[in-house]
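Engineer: Using only what follows, build the 3D model:
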Amino acid sequence: MRFFSIFLSVGILIGHSAQADLPPPFPLATQSCVQQHSGLDANPTKLRDCFLLSTRECEAEEPFVICASRELEYWNGVMAQDVIKVAGYGTEMEKETPLEYSFTQAVLNSQTAWEAYRDAQCHAVMKSMFGGSGEGPSEVYCLLETTVERVIALRKMP
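Structural biologist: The predicted model follows:
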């Protein structure tokens, strides 16, 4: 269920960002690339080409952490939509299935476990900087990279 909180958090952050007159939270280069590599016949691994696209464009004017955080907001939204889509595959067919045997519940459990892994792993990556100035950038990079990989994994599911 945590992905719903991410989805809501992204919505809140988007609203907050707009109020603070920041650049758009949906990085256009990344969004365009994701749309190009989406669809029934698309190869999900091509989404790796979209990784850091908008961050690289943004870095000319703002620090990496700010740019990558905006791109992470976008990827978290894509991931939340994909989890809902994948979990929905089983909804109609599982009306009579007990919850513990449900594909939908398995997807939600998988997402919750994956998010706990991602957060712990990226926290460890951050701590490997031992308090240095690389802590923030390394954590955001890790979160962004692992989230893109999760989106690819979700899109490979039936």
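
Engineer: any idea how far residue 122 is from residue 105?
Structural biologist: From residue 122 across to residue 105, the span is 26 Å (CB to CB, to the nearest Å). Placement of C-beta: from N, CA and C, glycine included.

Engineer: With neighbour numbers in mind, choose between those two.
Structural biologist: Shown here are residue 122 and residue 105; by other CB atoms under 10 Å, residue 122 has more neighbours (20 against 16).

Engineer: Skipping its backbone neighbours, what lies nearest that one in space?
Structural biologist: residue 142 (3.8 Å; CB to CB, 6 or more residues apart in numbering).

Engineer: where's that neighbour, which helix or strand?
Structural biologist: Using DSSP states H and E, residue 142 maps to helix 135-156.

Engineer: Mind giving me the packing neighbours of that helix?
Structural biologist: helix 64-91, helix 103-127 (3 or more CB pairs under 8 Å, 6 or more residues apart in numbering; DSSP states H and E).

Engineer: Give me the phi and psi for residue 131.
Structural biologist: Dihedral pair for residue 131: phi 80, psi 0, per degrees, to the nearest 10.

Engineer: which regions of the chain sit below the pLDDT cut-off?
Structural biologist: Across the chain, the ranges flagged by pLDDT under 70 are 1-26, 97-100.

Engineer: looking at this structure, which residue ends up farthest from its center?
Structural biologist: Farthest-out residue of the chain from its mean C-alpha position, per CA atoms, centre = their mean: residue 96, at 31.7 Å.

Engineer: which secondary structure element contains that one?
Structural biologist: Going by DSSP H and E, residue 96 is not in any helix or strand.

Engineer: Equivalent analysis for residue 42, please.
Structural biologist: Of the helices and strands defined by DSSP H and E, none includes residue 42.

Engineer: What is the burial count for residue 145?
Structural biologist: For residue 145, the neighbour count with other CB under 10 Å is 19.

Engineer: Lovely, talk soon.
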